[in-house]
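>>> Take a look and give me a structure for this.
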Amino acid sequence: MTFTHGYADNDGLRMYFEVHGRTVPGRPPLLLIPGGGSTIGTNFGELIPLLAEQRQVIAVEEEGHGRTKPTGRPLTAGNSAGDILAVLDQLNVETVDVLGFSAGGHTAIALALARPARVRRLIAASTFASRDAVPDEFWDVMAKATLDDMPDIYQDADRRLNPEPGHLERLFELDRRRILDFPGWSDGELATITAATLVVSADRDVVTAEYAARMAGAIPGARLLTVPGGHGDYLGEQAASGGDLRTMHATVPFLLRFLGG
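Reported below is the predicted structural model:
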């Protein structure tokens, strides 16, 4: 399997990306956007080999995450969507399918809304589009959260890649502020998404299956997939799966069917 990696510059931000597998005629690359606190490896390390057998995969790390260094700007879905466009331009990729997980799902939605011609299919996985998707207690907990609340697996991964003092703390604060300041989108805005969309949620996820159905209903023609599991175990996400990949292996065929191969 072929593998390349590099950085794309966007107004002072150098976004790290990886490309797995070869170009498949008739199928655009699949772009993977990890969730908060994650690296490509912790979020998609188990999934990429399965997907890259079928199509080319591009994976990115958002600002402050993994190998993408933080800058002085806030981490927002809109800013990250701009960074990703720089990656696609550098790779001369016109159109992609996109899978965004959790907070990375916000970036995937922002990309689909801002540049509809460049997103063919969208998978919004374990994410939400409006602030009322989660109870008030969620926001209270997030406001009071500290670094001790970050899963050890995320902390260990960041320390390995970025041992310099203060990096992990900066990562945590970027993610915390990103969620607290998340404005969300109205149903009217979601109704303008033109990409074929699959909303994926687990039955024991951050959001309820009822909310996932509501979100899918706001996006024209969107499909809904509810899987038995937790927040990301069905993608092989390390903190959620704990190395048990049975749910991921059961889910991948549904994702590939939606993507068309």
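>>> which residues of this protein score low on pLDDT?
Residues of the chain meeting the criterion pLDDT under 70: 1, 261.
>>> What segments of it are strands?
Under the criterion DSSP state E, strands of the chain are mapped to 3-10, 13-20, 30-33, 57-61, 96-101, 119-125, 196-202, 223-227.
>>> Tabulate those strands (TSV), appending distance to residue 248 and mean neighbour count.
(Glycine included, C-beta is placed from N, CA and C.) Putting the strands of the chain into TSV (distance: least, C-beta to C-beta, whole Å; neighbours: other C-beta atoms under 10 Å) gives the following:
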stretch	distance to residue 248	mean neighbour count
strand 3-10	21	14
strand 13-20	16	22
strand 30-33	14	28
strand 57-61	15	25
strand 96-101	12	26
strand 119-125	12	25
strand 196-202	12	25
strand 223-227	10	18
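>>> Columns distance to residue 132 on top of those, output as TSV?
Formatted as TSV, the strands of the chain follow (distance: least, C-beta to C-beta, whole Å):
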stretch	distance to residue 132
strand 3-10	32
strand 13-20	31
strand 30-33	23
strand 57-61	29
strand 96-101	20
strand 119-125	17
strand 196-202	16
strand 223-227	19
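>>> wait, which of those is closest to residue 45?
Proximity to residue 45 (C-beta to C-beta) singles out strand 57-61 among these, at 9.6 Å.
>>> tell me the angle of that closest one relative to strand 3-10?
Strand 57-61 runs at 50 degrees relative to strand 3-10, counting by axes from the mean of the first three to the mean of the last three C-alpha atoms, to 10 degrees.
>>> Quickly note the distance from the nearest residue to residue 12 once chain neighbours are set aside to residue 224.
In this structure, residue 12 finds its nearest non-sequential neighbour in residue 71, 5.5 Å apart by C-beta to C-beta, 6 or more residues apart in numbering. In this view, residue 71 and residue 224 are 37 Å apart by C-beta to C-beta, to the nearest Å.
>>> again with residue 208
Counting by C-beta to C-beta - residue 208 and residue 224 are separated by 12 Å.
>>> anything in contact with each of the two?
In terms of C-beta atoms under 8 Å, 6 or more residues apart in numbering, residue 208 and residue 224 are both contacted by the residues residue 201.
>>> can you map out the helices along the stretch 51-200 of the chain?
Assigned by DSSP state H, counting those that start in this stretch, the helices in the stretch 51-200 of the chain fall at 77-90, 103-114, 136-144, 152-161, 167-180, 187-190.
>>> how about JSON lines for these, with mean neighbour count and distance to residue 96 added?
What follows is these, written out as JSON lines (neighbours: other C-beta atoms under 10 Å; distance: least, C-beta to C-beta, whole Å):
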{"stretch": "helix 77-90", "mean neighbour count": "21", "distance to residue 96": "7"}
{"stretch": "helix 103-114", "mean neighbour count": "25", "distance to residue 96": "9"}
{"stretch": "helix 136-144", "mean neighbour count": "11", "distance to residue 96": "30"}
{"stretch": "helix 152-161", "mean neighbour count": "16", "distance to residue 96": "25"}
{"stretch": "helix 167-180", "mean neighbour count": "18", "distance to residue 96": "22"}
{"stretch": "helix 187-190", "mean neighbour count": "14", "distance to residue 96": "20"}
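>>> Using TSV, lay out those together with distance to residue 31.
Below are the helices of the stretch 51-200 of the chain laid out as TSV (distance: least, C-beta to C-beta, whole Å):
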stretch	distance to residue 31
helix 77-90	7
helix 103-114	8
helix 136-144	27
helix 152-161	21
helix 167-180	19
helix 187-190	20
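>>> Can you report how many residues lie near residue 228?
12 (other C-beta atoms under 10 Å).
>>> The residue nearest to residue 12 and residue 16, how far apart?
13 Å.
>>> Likewise for residue 186?
Taking C-beta to C-beta, one finds residue 186 at 33 Å from residue 16.
>>> now do residue 170
From residue 170 to residue 16 the distance is 16 Å (C-beta to C-beta).
>>> same deal with residue 22?
Note on residue 22: its distance to residue 16, by C-beta to C-beta, is 21 Å.
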